[in-house]
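[1] My questions concern the predicted model and sequence given below.
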Amino acid sequence: MADGVKVPESAASPLAVLGPGPLTGYWQFRRAVARAQLAEWLPPRRRLIVDISGPDSTGSAQAAARGHTVIRVIPPPQAAAPVPAGQRHRRGVVVPVVAEPASLAFLAAGSADAIIAEDGTLSRQLMAEDLAAEIARVLRPDGQLLASVDSLVLGRAGLTDLPKAEVVLIPWPDGRMTRCYGVSQFRDLLTEAGLEVSWIRPRTVLSPPLVEHVLAARPGEIARLVRAELAAGKDRPVVSPQVARHGRDDTDGMFPAESFGISLLAAARKPARSR
């Protein structure tokens, strides 16, 4: 989630599969939604948060502005450039640490109050089960996780002959591979690591063409669109708290599991008594 609008330039970007044209208004909307979702999720009191979302995330600064101490994990490839010093915000601080986000071995068990794994972190790690286990290890009991993954909607857009599956590996023209998840597989990834899923929902339900149409006519309507998006996500999550707690897989009265959104967002917690 970069501050500036980054328009996909080629099919090397997973987001480019949405269709032709820059969709500039939609990317602005999408980033505004992500900031609003993070703002709603952040703990109300000062906490130690670990952000493993990658180099483009602005979540660390947003959390620090709310008074939290944030350890921002910078992968070694990005550390070739000078690593910025700790950044103090009006209320909190961001502490950059060069480390492999897939292991979190530098952090003690139960040392973090919350973890942000945005921007498809669990999709970029092909051995996502190992990273999910590390997240569960590092979180303290009752610690919180906010995570996003690429969805099968994105995967099917990238591969037209994609078979019916719960999770697939998608190769992109720039040589990268990402994991795209169905809802039940995303839930299983977190629960098998020992976390309790509170909810899973699409990042956005409003379609890119609809958002572009509204913003082309009324550019100042982005705040209203974000409020509508947040309300829609709360009203009809893909996986509700009741489904998450009892392990049911029915989606009656909720969004069909794979019908909306190129990415899925989940909130989860580590139980007070971890398995």
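    Nice, I can see it.
[2] Below-threshold pLDDT in this structure: ranges please.
    Along the chain, the parts satisfying pLDDT under 70 run over 1-23, 77-90, 154-167, 172-174, 235-260, 274-275.
[3] all strands of the stretch 151-275 of the chain, in order?
    Secondary structure of the stretch 151-275 of the chain by DSSP state E, counting those that start in this stretch: the strands cover 167-171, 177-181, 196-202, 263-269.
[4] send the alpha carbons of the third one over as PDB?
    These are the backbone C-alpha positions of strand 196-202, laid out as PDB (Å, rounded to 0.1, in the frame of the first residue of the first chain):
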ATOM      1  CA  GLU A 196      -8.800 -18.600  15.800                       C
ATOM      2  CA  VAL A 197     -10.300 -16.900  12.800                       C
ATOM      3  CA  SER A 198     -12.600 -14.000  13.700                       C
ATOM      4  CA  TRP A 199     -13.600 -13.300  10.100                       C
ATOM      5  CA  ILE A 200     -12.600 -13.500   6.500                       C
ATOM      6  CA  ARG A 201     -13.900 -11.100   3.800                       C
ATOM      7  CA  PRO A 202     -12.900  -9.700   0.400                       C
END
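[5] can you give me the angle it makes with strand 177-181?
    Taking axes from the mean of the first three to the mean of the last three C-alpha atoms, to 10 degrees, one finds that strand 196-202 is oriented at 100 degrees with respect to strand 177-181.
[6] Which elements pack onto strand 196-202?
    In this structure, strand 196-202 packs against helix 183-192, helix 241-246, strand 263-269, with contacts taken as 3 or more C-beta pairs under 8 Å, 6 or more residues apart in numbering; DSSP states H and E. (Each C-beta comes from the backbone N, C-alpha and C, glycine too.)
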